[in-house]
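Peer 1: Below are the sequence and a predicted model; questions follow.
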Amino acid sequence: ITKGVKKLVADANTEIQTVPFDEAKALVGDKNVVFVDIRDVRELDRDGMIPGAFHAPRGMLEFWVDPDSPYHKDIFASGKRFLFYCASAWRSALATKAVQEMGLTPVGHIEGGFGGWKKSGGPVAERPKRK
């Protein structure tokens, strides 16, 4: 390995916006902001998620963002601001960098991830059950 995950994350963090908890908490419920949870569904079931967040599994994210993909999700063409998060802000840093490189704007990720969010007193909801 010539460039490990810590270096990849550190490099991504120099190119993306990291949103502090207090600023992110103030955006919960803002109709112009979409919180995007990229964690595995088992993490959502176990730990909950930010109320109103959209779940986009990390493995599908680029496919869901790309309007030319057969897997595209309209939410990513909404023109809203997207704030990504994972458990500890590593996957979300890489995800934010990837979608930013794809041309999705405005984007950022939450400082410290969902673990830090919970510790900072951010609101948590259960994952909505599938219909």
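Peer 2: Happy to help now that I have it. Numbers count the residues shown, from 1 in each chain.
Peer 1: all strands of this structure, in order?
Peer 2: Secondary structure of the chain (DSSP state E): strands at 18-19, 33-37, 54-55, 81-85, 107-110.
Peer 1: looking at those strands, which is closest to V5?
Peer 2: With Cβ to Cβ, the closest approach to V5 among those belongs to strand 107-110: 15.5 Å. From N, CA and C alone the C-beta is placed, and that goes for glycine too.
Peer 1: So what touches the closest one?
Peer 2: Strand 107-110 is contacted from outside by 16-19, 21, 24, 35, 81-85, 89, 92-93, 95-96, 99-100, 116-117, using Cβ atoms under 8 Å, 6 or more residues apart in numbering.
Peer 1: What pairs with that strand, parallel or antiparallel?
Peer 2: strand 18-19 (parallel), strand 81-85 (parallel) (DSSP bridges).
Peer 1: among those, which is the most enclosed?
Peer 2: Among the strands paired with strand 107-110, strand 81-85 has the highest mean neighbour count (mean count of other Cβ atoms under 10 Å), at a mean of 26.
Peer 1: mean confidence for that one?
Peer 2: The average pLDDT within strand 81-85 is 98.
Peer 1: Kindly report the same for stretch 18-32.
Peer 2: 97.
Peer 1: what's it in contact with?
Peer 2: Stretch 18-32 has contacts (Cβ under 8 Å, 6+ apart) with 33, 35, 50-52, 80-81, 83, 89, 93, 108-112, 116-117, 120-123.
Peer 1: tell me the contacts of the residue most central in space within the chain?
Peer 2: The centre of the chain sits closest to F84, judged by Cα atoms, centre = their mean, with a distance of 1.6 Å. By Cβ under 8 Å, 6+ apart, F84 lies in contact with 36, 38, 92, 95-96, 99, 107-110.
Peer 1: Show me what it is bridged to.
Peer 2: Beta bridges link F84 to V36, H109, judged by DSSP bridges.
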